[in-house]
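*Asks:* missing the sequence, but the structure's below:
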């Protein structure tokens, strides 16, 4: 599968970076043509996430953010959010792969806000320090996954607890139910770890960029605890707004502003 990083690197010499937030050109997610001779890249992950967070949390200046995950989406979100946090804000990153974590830290080393890395799952004693938790990992995503060992599913887990590494099922009549049955003990352990962590949070906003399902395991448990939650649906909508805005404004076909486009897209579902 060709990733967006591979695609952008291939066309790198002809693309102007239009994100204005310091995201490396290889992490642009949306490319549009301003004219016949120039392509412009922008990152809808970061911009969409920042808009969503601001709409729920308000001014992010000085906030302390726990970022879960260290892939391309985490890089984009961290880059945009760090600018909004300012010098007094701080991002703490926790990720399953230490190698990916170190790579992400290096890429974010020139960002404005403070930066620190944590073990995974993040230590419970740190829970009360975070104003915002953002899940940029694939933990919680509803689709079945398959590797050499067999089929598994991450939707039963939250990124605040351990995730089963070895449990797999065959491609049977109902692999989802079979996996849930086989992984029940691990799912229970993950849920307990997550509840314990969230119960130590104080007025924390929990944002999961996953939008399938709309309410992830992390958000479901956060809501039970009484924390304010935000799903990836709003971010996904905003990404569509940004893409529509960039393409139509570049070609001169759009008269309406972003707020009108956002309203129409929201009404359309």
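*Replies:* The structure has been received and is ready for your questions. Everything numeric in this text was worked out from a predicted model, so none of it was measured.

*Asks:* now do the helix or strand hosting residue 52: which elements does it pack against?
*Replies:* Element membership for residue 52 (DSSP states H and E) is helix 44-57. Counting contacts by 3 or more Cβ pairs under 8 Å, 6 or more residues apart in numbering; DSSP states H and E, the secondary-structure elements packed against helix 44-57 are helix 72-85, strand 132-135, strand 205-208, strand 228-230, helix 232-251. Every residue, glycine included, has its C-beta placed from N, CA and C.

*Asks:* what residues of that helix count as buried?
*Replies:* For helix 44-57, the neighbour count (16 or more other Cβ atoms under 10 Å) marks 44-53, 57 as buried.

*Asks:* from those residues, pick the one nearest residue 171.
*Replies:* Of all these, residue 171 sits closest to residue 45, with 31.9 Å by Cβ to Cβ.

*Asks:* which non-adjacent residue is nearest that closest one?
*Replies:* Of all residues not flanking residue 45 in the chain, residue 76 sits nearest, at 3.9 Å (Cβ to Cβ, 6 or more residues apart in numbering).

*Asks:* in the sheet, who's paired with residue 145?
*Replies:* residue 152 (DSSP bridges).

*Asks:* what about it, neighbour count?
*Replies:* Residues near residue 145, counting by other Cβ atoms under 10 Å, number 14.

*Asks:* do the same with the one 3 residues further on
*Replies:* One way to gauge burial is a neighbour count; for residue 148, by other Cβ under 10 Å, it gives 5.

*Asks:* do the same with the one 4 residues further on
*Replies:* Here the neighbour count serves as a burial measure; for residue 152 (other Cβ under 10 Å) it reads 21.

*Asks:* looks like it contacts residue 144 (just checking).
*Replies:* Yes: here residue 152 reaches residue 144: they are 7.5 Å apart, a contact under Cβ atoms under 8 Å.

*Asks:* from residue 75, how far off is the most centrally placed residue in the chain?
*Replies:* Residue closest to the average C-alpha location in the chain (Cα atoms, centre = their mean): residue 136, at 2.9 Å. Counting by Cβ to Cβ, to the nearest Å, the separation of residue 136 from residue 75 is 9 Å.

*Asks:* sorry, back to before: residues in contact with the residue nearest to the centre of the chain?
*Replies:* By Cβ atoms under 8 Å, 6 or more residues apart in numbering, the contact set of residue 136 is 67-71, 73-74, 77, 209.

*Asks:* so can I have JSON lines of the residues you listed showing distance to residue 161 and pLDDT?
*Replies:* JSON lines is the format used below for those (distance: Cβ to Cβ, whole Å; pLDDT from 0 to 100):
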{"residue": "67", "distance to residue 161": "17", "pLDDT": "97"}
{"residue": "68", "distance to residue 161": "11", "pLDDT": "97"}
{"residue": "69", "distance to residue 161": "14", "pLDDT": "95"}
{"residue": "70", "distance to residue 161": "17", "pLDDT": "94"}
{"residue": "71", "distance to residue 161": "19", "pLDDT": "91"}
{"residue": "73", "distance to residue 161": "20", "pLDDT": "89"}
{"residue": "74", "distance to residue 161": "18", "pLDDT": "93"}
{"residue": "77", "distance to residue 161": "21", "pLDDT": "92"}
{"residue": "209", "distance to residue 161": "18", "pLDDT": "92"}
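
*Asks:* quick one: average confidence on stretch 172-182?
*Replies:* Stretch 172-182 shows an average pLDDT of 92 in the prediction.
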